[in-house]
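structural data only, the sequence is not supplied:
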C-alpha cells in the first residue's frame, strides 16, 4: 500500500483528493498467460485487487469478455450485418468464422478473497454475484482462471491481420467494467468504444521463444529476453524454447500486446521525451518506418508544449490490427504505407495518449471528446509537419460536418456511440463535429483562451474520467464567458448555424444593415468595406455569453443579440452609396455557418437608393438549383 500512496494523492481515486467532490474506482491486475501459438489459444490466471471508492455498496460486479463478440450470431455480428452502412472491415465476416477461427473468452473459476462466486456468461459480459458486499472504501481480491481462443483478425484484435502479423492482442483479457457516478457501464461489445478503470498491470506472457512481443508498460526482464530490448544478448543458459515476458504498467486503464516472430524492433531515443519503440515487418512496403522516429520526436515536442506533458517513459508503434487503434503507451497500426500516411496515422493515434490514454472520458458517451479532440490536435501537428498540405488545418472537418448536417442522417453528439443509426453518423459526429466543436470555441472565446483551456484541462483531469461539463467549466473559467448555450445546442441537438445579410436600407441618418439568425445563436463578426478602401469591423455577442472575447482595438463591439430576436439591425452613419461590400465572419473559418453564400454582399456601383432598398436573397444550389444574389425591395 505504501507504493500506491503517491498515486492516491496525485490522481484522485477518492473525493478527499485535492478537495474535489470526485471519486473513481481502482483496479490492479496481475496476470499469468500461457500461450499456445499452434492452436491460437491461451490459459490465463488473473488476480484483480479492486477498491470500491464509490459511496455505494456493491453486491455485483461485471467483466467485459470482448473475444466473445467474434462468434456467429453475436450482437456484433448481427449489428455489422444489419446496419445501413456496414464497416467494410467487418460486414458478414464474423458470420463466416468456423469453430477454429472464432473468438472465445471463458471464465472457468472466480473467487472473492478465496470464496467461490456464482457467475454467468452473457455474450461479451460476465455477470458476477459477490459473496460479500463490497462496502464504500473496501478492497477485495478477485482470483480468476480463464481460457481463450484468439479469433481470426477482423476488427482491432485477432490473429493474422491483412499484413501478416501473427497476433494483435487488444481487448484480450477479462476486464472489469467501470462503475462511476452513473452506475455500472456494462455495454455489450459491438465494435465501438471502450471505458476502463484506472490502476496498474503486471502481465507475464509465456510463449515460443521465437516471438518478439510488444506491449503496454515497461519490460522488466529485458536482459533475459533480448529481442531488441537490450543491446546485450541474453546469457546462453537463458536461451530456451519458451520465454516468459514480464511487463509492468502504472497509472493506465488497459493493456495491449502484439507478437510476431519476424518483428524488427527499433528504438528511437528522445532526449526531451519518451523513447519510441517501433515493431514492424521489414520490407519494401515498410521502408518509411526508418524515417518515422524523427517525425514522432517533433510530434511529442509540439504536443508536450501545447496539450500537456506525456508522462510515460516510452511509446510503442506496433504494426498490427486493422488500421489504427490507440492503447496506453502504444498503438496498433497497419504499416504498409507511404511516409505521409504512416506519419498521419501515428500522429493521430499518438494524440489519443492525451485524450484517451490520460483524459479517459467514457468514450461511449463522449466519443467526440476523444476522437474529436484527438483529431483537432493531430490536425494542428500535421500542419506543422507538412505545411504545404495543411494550409487550413480543420477545413476537411468542417466540410464533413456540413455534409451530414445537410442530410437526413445527422444525430446529436450525445447519442451513445453504440446506438447511432449509421456508421456515417457516428464517424462524422465523433471525428468531424468533434473537431468543429473545439475549434469553433476559438471564434467564441478566442484562440488564446482555447489554448490555455487545453493545458489546464490536461493538468486538472489527467488520470481521471472527465465529462463534457468538466471541460466546459475549464473553458468558462479561462475565458470568463458562459458556454451552457453552446454545448446545449451543439452536443444535444442537431440545430445548425446560418446567419445571413438580410437587407441593406438607406436611412435619414445613414444606413441600416439587417442581419438574420438561423436555428443556433452565435457571436457574429461583420466587416463593412467602403469604396475608399476603409474597413469597418463590428462584433456582436450573443446575450447568452454574458461576456465577450478579447477584441482588436479597431473592432467596434455592438449591443448583444438576444437569441429570441430573429433579426438584428446595425445602424451606420456611413452613406449607403459609399459601401462596397459587407461580409459576415471575414477571414474566420472557425464557424460552421451552413450557407456561406448569404454571408457576403457586393454592393452595386449604381443604384436608385431613393426608390429601392437592397436585399440579399440567396437560394442554395443544392436545394433549388439557382442563386439569386440581389433583390430589389420597393420602399
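That came through fine. In this text the structure is predicted, and so the values were computed from the model without any measurement.

alpha carbons only for contacts and neighbour counts from here, please
OK.

rounded mean pLDDT for stretch 431-439, please.
Per-residue pLDDT values over stretch 431-439 give a mean of 98.

again, but for stretch 146-154
For stretch 146-154, mean pLDDT rounds to 98.

quick one: contacts of stretch 524-537?
By C-alpha atoms under 8 Å, 6 or more residues apart in numbering, the list of residues contacting stretch 524-537 from outside reads 538-542, 554-556, 578-586.

near residue 460, how many other residues are there?
15 (other C-alpha atoms under 10 Å).

which secondary structure elements does whatever helix or strand it lives in contact?
Taking DSSP states H and E as the criterion, residue 460 maps to helix 447-461. If you count contacts as 3 or more C-alpha pairs under 8 Å, 6 or more residues apart in numbering; DSSP states H and E, helix 447-461 packs onto helix 289-307, helix 441-445, helix 468-479.

give me every residue that touches residue 144.
Contacts for residue 144 (C-alpha under 8 Å, 6+ apart) come out as 45-47, 107-111.

so where is the chain shaky, pLDDT-wise?
Counting by pLDDT under 70, the chain shows low-confidence ranges at 1-20, 236-239, 616-635.

got the domain boundaries for it?
Residue ranges for each domain of the chain read 24-197, 361-494, 500-634, as given by automatic domain parsing.

circling back: narrow the contacts of residue 144 to those that are buried.
Among the contacts of residue 144, those classed as buried by neighbour count (16 or more other C-alpha atoms under 10 Å) are 45-47, 107, 110-111.

for the stretch 151-300 of the chain, just list every one of the strands.
Assigned by DSSP state E, counting those that start in this stretch, the strands in the stretch 151-300 of the chain fall at 158-159, 167-169, 175-176, 178-180, 183-185, 199-208, 212-215, 218-219, 242-252, 257-260, 264-268, 275-280.

and among those, the most buried is which?
Mean neighbours per residue, mean count of other C-alpha atoms under 10 Å, is largest over those for strand 158-159, with a mean of 28.

and that strand, how far from the chain's centre?
Remark: strand 158-159 is offset 24 Å from the chain centroid, using C-alpha atoms, centre = their mean, to the nearest Å.

list of residues touching it?
By C-alpha under 8 Å, 6+ apart, the residues outside strand 158-159 that reach it are 40, 150-153, 165-170, 321.

ok, the residues you listed vs residue 401, which is closest?
residue 321 (27.5 Å; C-alpha to C-alpha).

could you measure from that closest one over to residue 362?
Residue 321 sits 22 Å away from residue 362, going by C-alpha to C-alpha, to the nearest Å.

looking at those two, which is more packed in?
Neighbours per residue (other C-alpha under 10 Å) separate residue 321 from residue 362, with residue 321 holding more: 29 against 21.

the more buried one - that's part of a helix, no?
No. Counting by DSSP: H, G, I helix; E, B strand; the rest coil, residue 321 falls outside a helix, being coil.

for it, give me its contacts.
Going by C-alpha under 8 Å, 6+ apart, residue 321 touches 153, 155-158, 161, 168, 332-334.

repeat that for 6 Å
Residues in contact with residue 321, defined by C-alpha atoms under 6 Å, 6 or more residues apart in numbering, are 156-157, 168, 332-333.

next one: residue 208
Residue 208 touches 241-242, counting by C-alpha under 6 Å, 6+ apart.

what comes up buried for stretch 331-339?
For stretch 331-339, burial by neighbour count (16+ other C-alpha under 10 Å) applies to 331-336.

for those, which one is nearest residue 255?
The shortest approach to residue 255 among those belongs to residue 331, at 10.8 Å (C-alpha to C-alpha).

secondary structure element for that closest one, which one?
In the assignment (DSSP H and E), residue 331 maps to strand 330-333.

thinking again about what came up before, redo the buried ones among the contacts of residue 144 as a markdown table? Include distance to residue 188 and secondary structure.
Listed next are the buried ones among the contacts of residue 144 as a markdown table, based on distance: C-alpha to C-alpha, whole Å; DSSP: H, G, I helix; E, B strand; the rest coil:
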| residue | distance to residue 188 | secondary structure |
| --- | --- | --- |
| 45 | 23 | strand |
| 46 | 22 | strand |
| 47 | 23 | strand |
| 107 | 17 | strand |
| 110 | 21 | strand |
| 111 | 23 | strand |
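
what's the most distant pair in the residues you listed?
The most widely separated members of the buried ones among the contacts of residue 144, counting by C-alpha to C-alpha, are 47 and 107 (12.9 Å).

how about the strands of the stretch 451-600 of the chain, start to end?
500-507, 510-516, 524-530, 535-540, 555-557, 567-572, 579-584, 600-602.

what separates residue 269 from residue 324, distance-wise?
To residue 324, residue 269 is 23 Å away according to C-alpha to C-alpha.

show me which of the two is the more surrounded one.
Regarding residue 269 and residue 324, a neighbour count based on other C-alpha under 10 Å identifies residue 324 as having more, with 18 against 15.
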